[in-house]
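Student: 3D model of this:
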Amino acid sequence: MSGTIILEGVAARFGTLSTRLPASESRCSGNRPFREVLLPSCFDVALQSGKPITFDVGHDEAATFASTADGALALWTDEFALRFRIRVPEDHAVADAVERGRCRGVSISGWPSGTRNGDVIAVSTVELVSIALCIHPERPAHNGTFCRVHYPFIRERKSQ
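Tutor: I've put the predicted structure just below:
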């Protein structure tokens, strides 16, 4: 009988500046390239709304394997970051990809709102939609709303 592993990690860090992004990446960009910084409370509304947030592979809805709705995904913030914990069957392909190092990071997807000052947007609210494991992240240096790469780790194993 297969057990369960718990993956835990950081989905987005607060207070760090992203790389330069194209205007198309944000509805508050003013149609100019920008950089963004996430404020510590930017996910509060999304986390308290009760709307389901999913965890998938590569931002592919068909590859969703955990959700806040089914309890397999837990999300919380501290003063430094948005953090996650997911339960995955030990024989799931995702567990294998993380354990073997094929998973190259974690990315978030959502709609940011914030205030622009020069080329920097201070993101005060994010309508968080999903978090994704990325095999080949698009922008590994970006730490903002669309693709911030952090490395998940296996927190524990539980036999069933």
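Student: where does the spatially most central residue of the chain fall, helix, sheet strand or coil?
Tutor: What sits nearest the mean C-alpha location of the chain, by C-alpha atoms, centre = their mean, is Ile108, with 3.1 Å. At Ile108 the chain is in strand, as set by DSSP: H, G, I helix; E, B strand; the rest coil.
Student: hey, what's it bridged with?
Tutor: Beta-bridge partners for Ile108, by DSSP bridges, are Ile131.
Student: Now do it, the pLDDT please.
Tutor: Turning to Ile108, the model gives it a pLDDT of 84.
Student: And for Ile6?
Tutor: pLDDT, Ile6: 84.
Student: The helix or strand it falls within: what's the following helix or strand?
Tutor: Ile6 belongs to strand 4-13 when assigned by DSSP states H and E. Downstream of strand 4-13, the first helix or strand assigned by DSSP H and E is strand 35-38.
Student: Can you point out the buried residues in the helix or strand following that next one?
Tutor: Where DSSP H and E defines the elements, the next helix or strand beyond strand 35-38 is helix 44-48. Buried positions in helix 44-48, judged by neighbour count with 16 or more other C-beta atoms under 10 Å: Ala46, Leu47. The way it works is simple: take the backbone N, C-alpha and C, and place the C-beta from them, glycine included.
Student: what ranges of this structure fall below the confidence cut-off?
Tutor: Confidence mapping of the chain against pLDDT under 70 gives the ranges 1-2, 21-31, 104, 135-160.
Student: Assess the claim that Leu39 and Val120 are in contact.
Tutor: No: the pair Leu39 / Val120 is not scored as a contact, 11.8 Å apart, by C-beta atoms under 8 Å.
Student: What are the buried residues along the helix ranked longest in the chain?
Tutor: Longest helix in the chain, counting residues (DSSP state H): helix 93-99. Within helix 93-99, the residues that qualify as buried are Val94, Ala95, Ala97, Val98, counting by 16+ other C-beta under 10 Å.
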